[in-house]
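S.K.: output the structure for:
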Amino acid sequence: MVGLVSGYYSTTMVQTLKTTRTDLEDLQRQLGTGRKAETYGGLGTDRGLALDLRQNISKINTYQDSIQQAQTRISVMDDALKRIAATGTEVRQSARATEYNITSTDQSMAQISAKTLVKETLGLLDTEINGRHLFAGKATDNPPTKNYDQIMFGFNGEQGLVDVTNERIRADKGADGLGRLELTNTGPNVSLNDTATDFGYKLSGVSSGLSNATITGPAGVPKELDIDFTGIPTIGEKITVTLVLPDGNSKTLEMEATTAPTTPGDGKFSIGGTADDVALALKDELGMQIQKSVEREGEAASRIKASLDFFDTRNGGEPKRVIGDPPETATTLGTATAAGKPTINWYVGDNGTDSARGTASVKIDSSLEIDYGVRANEEGIARQLAYMAAYTIPEYSSDSSLNKDRYAAMTNAVSGGLSINQQEQTVQTIQSELSIANKMAKDTDDRHKVTKNMLQTMSDGIEGADKEEVAVKVMTLQNRMEMTYQATSILYNLSLVKYI
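M.R.: A predicted model of the protein is given here:
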């Protein structure tokens, strides 16, 4: 009986040893891995919550990866845009400060520098990360711009900016050099009229201090201005005519009555003789001043306007061209296709009518996206390129007063056009919009970090093992095993070493 009982208890103790050793091994695993169980099933009733926490943490990790990728791209674009904006500032300041000092290339150092900066800008617009071109809208696989030589001089049968702007200068100048204005004189009357054309100068206003003269207009469509002399004006009296140039800027022509000898274009008109003679003198002086302006301010305005029309290809557009030949008698401006004049399209990226920012989007939270796409032909960028590129074209082969005036007109137009105050959208505008997206991404990422830490703490509380608690359990089990070994060894006359 005693043997039976001893056998029963010894068998129970051996089983207890096995169970305790299994428990000890599990606790040692927990110490090593820091996890309560190897599978979610081992967590018991907490397994559902543990899985939910893991899933939420995984989602946050995905959002954070997307945010990091977007922030990297935005950072690279911002650096490129900063430099692009700086190139515009450099050209503007150089054009404003540089005196008429022409090199052996028939251009100033400011123009030569501008050419380098245009090339740099085009290179920046072709920036890519891991094969993704950042300024190409949705068409990220290829560079979005043609190279400088192709843009300026054309390629593969398509004309470039030089040809386009030279053509526009001719169209705005007109066959008689009067900027498409009609100037006539009959008896004591002088008439200055617009023409029904997309080109040339346009009448804006008149201010007269002339006595014995009746001023009518400018009025009508096209506008007409009539000056009728009923007598002889007084010496020193003036009349001022304001014209609108092809680029939208204004030019004021002032003429003063005099009895002294005059030089054509000096701003004086003779009041000697009859009213008919005065009208003829005014007409000649007005015509001379218009021609002078067309050759100076007009050339600059035409080249810049053509360049703006060339670079403005937003919303699926294409460069504008003079429809018809010769340009001097053409009346309509239209697309290169309508004009039948193959023209290089400088921007070859995605050119849809949708928002440029929307061409690159990323989901940064369950219900939040940011848009950070950019197209190289957006207004702010294209406008700056237009002024910079136009500035690199004119040549000044002699040290004449005409060339000095041409150069001054061009530098004034470029420095004024590149002023931020003259633009609706600038490169800095694009930067600002990207910075908003970047801040939204950063704020969301900060929120994700807080949420993730909270979820991770909860997850660790469910899945993680308290090492201090486990260590205590290990010591307890070891003590229990030691006692069990001793009792078992007595029953079986075994030592702990033999058992192991």
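
S.K.: buried residues, the longest strand along the chain. List them.
M.R.: Taking DSSP state E as the criterion, the chain has its longest strand at strand 250-258. Neighbour-count burial for strand 250-258 flags 251, 253, 255-258 (criterion: 16 or more other C-beta atoms under 10 Å). Heads up, the C-betas are built off the backbone N, CA and C, glycines and all.

S.K.: how about the residue nearest to Gly200 when sequence neighbours are not counted, secondary structure?
M.R.: If the residues on either side of it in the chain are set aside, Gly200 comes closest to Arg180, at 2.5 Å by C-beta to C-beta, 6 or more residues apart in numbering. At Arg180 the chain is in coil, as set by DSSP: H, G, I helix; E, B strand; the rest coil.

S.K.: for the one 4 residues further on, same thing?
M.R.: When the structure is split into helix, strand and coil by three-state DSSP, Thr184 lands in strand.

S.K.: do you know how far the nearest residue to it once chain neighbours are set aside is from Pro264?
M.R.: Closest residue to Thr184 apart from its sequence neighbours, by C-beta to C-beta, 6+ apart: Ser191 at 4.9 Å. In this structure, Ser191 and Pro264 are 20 Å apart, going by C-beta to C-beta, to the nearest Å.

S.K.: same check on Asn61?
M.R.: From Asn61 across to Pro264, the span is 79 Å (C-beta to C-beta).

S.K.: and the next element down the chain from the longest helix along the chain?
M.R.: Counting residues, the longest helix found in the chain (DSSP state H) is helix 47-97. Of the helices and strands lying after helix 47-97 in sequence (DSSP states H and E), the nearest is helix 109-125.

S.K.: can you list the strands that the helix or strand that that next one is followed by pairs with?
M.R.: Next helix or strand after helix 109-125 toward the C-terminus (DSSP H and E): strand 128-129. Strand 128-129 has its sheet partners listed here by DSSP bridges as strand 132-133 (antiparallel).

S.K.: domain ranges for the protein?
M.R.: Following automatic domain parsing, the chain resolves into domains at 2-34+466-499, 61-171+306-445, 182-296.

S.K.: dump those domains to JSON lines, plus mean pLDDT and distance to Arg54.
M.R.: What follows is the domains of the chain, written out as JSON lines (pLDDT from 0 to 100; distance: least, C-beta to C-beta, whole Å):
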{"stretch": "domain 2-34+466-499", "mean pLDDT": "55", "distance to Arg54": "15"}
{"stretch": "domain 61-171+306-445", "mean pLDDT": "95", "distance to Arg54": "10"}
{"stretch": "domain 182-296", "mean pLDDT": "96", "distance to Arg54": "63"}
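
S.K.: could the ones you listed go into a markdown table alongside distance to Thr451?
M.R.: Formatted as a markdown table, those follow (distance: least, C-beta to C-beta, whole Å):
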| stretch | distance to Thr451 |
| --- | --- |
| domain 2-34+466-499 | 22 |
| domain 61-171+306-445 | 10 |
| domain 182-296 | 53 |
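
S.K.: for the ones you listed, which one sits closest to Leu455?
M.R.: domain 61-171+306-445 (10.8 Å; C-beta to C-beta).

S.K.: what's the end-to-end length of the closest one?
M.R.: Start and end residues of domain 61-171+306-445 are separated by 10 Å (C-alpha to C-alpha, to the nearest Å).
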